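1. pasting the sequence and the predicted coordinates here, then a few questions.
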Amino acid sequence: MQYTRRKYPIGIQTFSEIRNKAFLYIDKTEYIHRLVHADSKYIFLSRPRRFGKSLLTSTLEAYFQGQKDLFKGLAMEQLETKWTEYPVLRFDMSLGKHMEKEQLERYLASQLEPMEYKYGILTESPDANIRLTNLIRRAYEQTGRQVVVLIDEYDAPLLDVVHEEKDLPVLRNVMRNFYSPLKACDPYLRFVFLTGITKFSQLSIFSELNNIKNISMLPEYAAICGITEEEMATQMDEDLDILAGRLNVNRKEVVKKLKDHYDGYHFTWPSPDIYNPFSLLNAFADGRLDSYWFGSGTPTYLIEMLNKFGVLPSRIGGNEAVAADFDAPTERMESITPLLYQSGYVTIKGYDEMFQIYTLDIPNAEVRIGLMRSLIPYYVTRDTQTTNTTVVNLARALVRGDMDGMLRLLQTFLSTVPYCDRTDYEGHYQQMLYVIFSLLGAYVDVEVRTSMGRVDLVMRTATTLYVVELK
């Protein structure tokens, strides 16, 4: 049977464009209906970058603008009966990065100006909070309806200074002043929705707004962003067959490959398995599996934080933590766990209900291999090309079961790694081999406890278990 490949919305975050131009849209409107009819009208959602937060915000905008035609054939068409049109004020903070105080104030002004023009407001006030207050009131007075405020990536201006004692308080005050009208304007507001990556403390950003509902870990919104296994199997049924044909494998094999590479996210427990939407759609569009999500952002800051907190590569995943340890404000974090979790480098993999403790681990092969490649210059050698070539040759030997050949390759490679200050103790080589073996796609663990003591390194492939002792 011949299928026509659909158009995938790569980089398109506008709901109306996706619907009008017949791009693939994974129907999330049931969650949106639940959201807009919930008890709280102040809502916050945290998800990693490129997980569909901006598209979700755009869909909410279309809903509150009463654009009923865009929802034809979606769950919302059957669920909603009123379709009331509200004035919508939408702010995109994603471009407000790497700015000084004055730049950020000008950026906020540029966000306000087109909406002020729409409602006939002429102002030269430098105070963004006063301008936002006037804008909300004017929109309410002109339309006779409460106002909807949507703020996408609310934390973007603060992400690159989150651990700087000098700049963070200054920029944080700018953002706190901008958001402060949301409390005072409560009678004029129908719905307020904020998205972001990190969770800042209530007092530091929303000092007066103490009634924000954080839905990030609520089971009923577990799949509000991302693509679930069920959604892929039903709404992308033909797409799976097309991709299987392009990769020259059967459907069962292509599902396994996609699952290994891009699945594994859970933002609460229990939760359906959630695929990274950016990576998944890119894989379908290109007809190949690649490092899309990890390759779209440089984790330099993450590497700096790993060093700051003294976190070894083998200790990034496989940890236990209570919710307060990872679903926590990042500006005063005492471990790297909140940053790893909220950025999407680790995710929930299990939950002990009796003791209310979560197991956190790296979600999938894309993130694990991307992380380990980023760590090569710090734990192996700055010559990443030689390392990557060596890893491929090691993998070839491993597939053939040629352990002697693999060890010879490894010995030759390690002899070329320049001596450095950290190579005079066994632990450095342990972490080096952990990085290399992880790049092979094998399961690796260090300091494995047994009844006879501890094993330095254990590597498990599909067919063989290797026990490694370092001397």
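-> Yep, it's here.
2. go ahead and confirm T29 touches T59.
-> Yes: the pair T29 / T59 is scored as a contact, 7.0 Å apart, by Cβ atoms under 8 Å. Yep, even glycine has a C-beta here, placed from its N, CA and C like the rest.
3. looking at those two, which is more packed in?
-> Taking other Cβ atoms under 10 Å, T29 and T59 do not tie; T59 has more neighbours (27 against 21).
4. that's a helix at the more buried one, yeah?
-> Yes: T59 forms part of a helix when assessed by DSSP: H, G, I helix; E, B strand; the rest coil.
5. what's the distance between it and D155?
-> Going from T59 to D155 by Cβ to Cβ, to the nearest Å gives 21 Å.
6. can you name the next helix or strand after the helix or strand bottoming out on mean pLDDT in the chain?
-> One helix or strand of the chain scores below all others by mean pLDDT, DSSP states H and E: strand 443-450, with a mean of 62. Using DSSP states H and E, the helix or strand that follows strand 443-450 in sequence is strand 453-460.
7. now that next one: buried residues?
-> The neighbour-count check on strand 453-460 (16 or more other Cβ atoms under 10 Å) flags V455, D456, L457, V458, M459 as buried.
8. tell me the one of those residues nearest A321?
-> A321 lies nearest to V458 out of the buried residues of strand 453-460, by Cβ to Cβ, at 23.5 Å.
9. from E85, how far off is that closest one?
-> Separation of V458 from E85 (Cβ to Cβ): 61 Å.
10. repeat that for L194.
-> For L194, the distance to E85 equals 22 Å [Cβ to Cβ].
11. higher neighbour count, the two?
-> Taking neighbours as other Cβ under 10 Å, L194 and E85 compare with L194 leading, 27 against 12.
12. tell me who's in contact with that one.
-> Counting by Cβ atoms under 8 Å, 6 or more residues apart in numbering, L194 touches I43, F44, L45, I151, Y154, I212.
13. kindly recompute the last result at 10 Å.
-> 42-46, 53, 57, 91, 93, 149-155, 179, 182, 205-206, 209, 212, 214 (Cβ atoms under 10 Å, 6 or more residues apart in numbering).
14. list the buried residues in stretch 145-165.
-> For stretch 145-165, a neighbour-count test (16+ other Cβ under 10 Å) marks 146-159, 161-163 as buried.
15. my read is T463 is in a strand, agree?
-> No: assessed with three-state DSSP, T463 is coil; it does not lie in a strand.
16. next up, phi/psi of it, please.
-> phi -120, psi -20 (degrees, to the nearest 10).
17. common neighbours of T29 and T59, please.
-> By Cβ under 10 Å, 6+ apart, T29 and T59 have these common neighbours: F15, L70, F71, L74, M76.
18. which of those residues tops the neighbour count?
-> Busiest of those [other Cβ under 10 Å] is F15, holding 25 neighbours.
19. now that residue. Its backbone dihedrals?
-> For F15, the backbone dihedrals (degrees, to the nearest 10) come out as phi -60, psi -40.
20. which residues touch it?
-> Counted by Cβ under 10 Å, 6+ apart, F15 has contacts 9, 25, 28-29, 54-63, 67, 70-71.
21. buried only: go through the residues you listed for me.
-> 9, 25, 28-29, 54-63, 67, 70-71.
22. helix, strand, or coil at I12?
-> When classified by three-state DSSP, I12 comes out as coil.
23. sorry, wrong one. I was asking about R190.
-> Look at R190: counting by three-state DSSP, its state is strand.
24. gap between the nearest residue in space to it that is not next to it in sequence and C185?
-> Among residues not flanking R190 along the chain, Q146 sits closest, at 3.6 Å (Cβ to Cβ, 6 or more residues apart in numbering). Using Cβ to Cβ, Q146 is found at 10 Å from C185.
25. give me the element R145 is part of.
-> Per DSSP H and E, there is no helix or strand for R145.
26. ok, it touching P87?
-> Yes: the pair R145 / P87 is scored as a contact, 6.3 Å apart, by Cβ atoms under 10 Å.
27. just the ones in helices from the contacts of F15, please.
-> Among the contacts of F15, DSSP state H puts T29, S54, L55, L56, T57, S58, T59, L60, E61, A62, Y63 in helices.
28. leaving out the residues flanking it, which one is nearest to the fifth one?
-> The one in question is T57. Closest to T57 by Cβ to Cβ, 6+ apart is D152, at 4.5 Å.
29. what bridges to that neighbour?
-> For D152, the beta-bridge partners are D92 (DSSP bridges).
30. I figured it was touching R49, is that so?
-> No: contact criterion Cβ under 10 Å: D152 and R49 do not qualify, at 12.0 Å.
31. quick check: neighbours shared by those two?
-> Counting by Cβ under 10 Å, 6+ apart, the residues touching both D152 and R49 are S94.
32. helix/strand/coil for the residue nearest to T198 when sequence neighbours are not counted?
-> Spatially, and ignoring its direct neighbours in sequence, T198 is nearest to T330 (4.4 Å; Cβ to Cβ, 6+ apart). Using three-state DSSP, the structure places T330 in coil.
33. which residues touch T330?
-> Applying Cβ under 10 Å, 6+ apart, the residues near T330 are 155, 158-159, 162-163, 197-201, 305, 336-339, 341-343.
34. what do you get if the cut-off is 7 Å, keeping everything else the same?
-> Contacts for T330 (Cβ atoms under 7 Å, 6 or more residues apart in numbering) come out as V162, T198, K199, P338, L339, Q342.
35. buried set for stretch 339-357?
-> Using 16+ other Cβ under 10 Å as the test for burial, stretch 339-357 gives L339, L340, Y341, Q342, S343, G344, Y345, V346, T347, I348, K349, Y351.
36. okay, now the unreliable bits of the stretch 351-471 of the chain?
-> 417-426, 441-443, 445-454, 471 (pLDDT under 70).
37. which residue ranges of it form helices?
-> Along the stretch 351-471 of the chain, counting by DSSP state H, counting those that start in this stretch, helices occupy 365-379, 384-400, 403-416, 426-439.
38. repeat for the stretch 201-350 of the chain
-> So, for the stretch 201-350 of the chain - with DSSP H, counting those that start in this stretch - the helices run 202-205, 229-235, 237-247, 251-262, 277-286, 292-295, 300-308, 323-326, 337-343.
39. got a markdown table for the ones you listed, with distance to L132 too?
-> Listed next are the helices of the stretch 201-350 of the chain as a markdown table, based on distance: least, Cβ to Cβ, whole Å:
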| stretch | distance to L132 |
| --- | --- |
| helix 202-205 | 15 |
| helix 229-235 | 37 |
| helix 237-247 | 42 |
| helix 251-262 | 39 |
| helix 277-286 | 31 |
| helix 292-295 | 34 |
| helix 300-308 | 30 |
| helix 323-326 | 32 |
| helix 337-343 | 26 |
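40. turn these into JSON lines, columns for mean pLDDT and distance to L440.
-> Shown next, in JSON lines, are the helices of the stretch 201-350 of the chain (pLDDT from 0 to 100; distance: least, Cβ to Cβ, whole Å):
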{"stretch": "helix 202-205", "mean pLDDT": "65", "distance to L440": "43"}
{"stretch": "helix 229-235", "mean pLDDT": "95", "distance to L440": "26"}
{"stretch": "helix 237-247", "mean pLDDT": "94", "distance to L440": "21"}
{"stretch": "helix 251-262", "mean pLDDT": "96", "distance to L440": "14"}
{"stretch": "helix 277-286", "mean pLDDT": "96", "distance to L440": "21"}
{"stretch": "helix 292-295", "mean pLDDT": "88", "distance to L440": "17"}
{"stretch": "helix 300-308", "mean pLDDT": "81", "distance to L440": "21"}
{"stretch": "helix 323-326", "mean pLDDT": "92", "distance to L440": "29"}
{"stretch": "helix 337-343", "mean pLDDT": "92", "distance to L440": "23"}
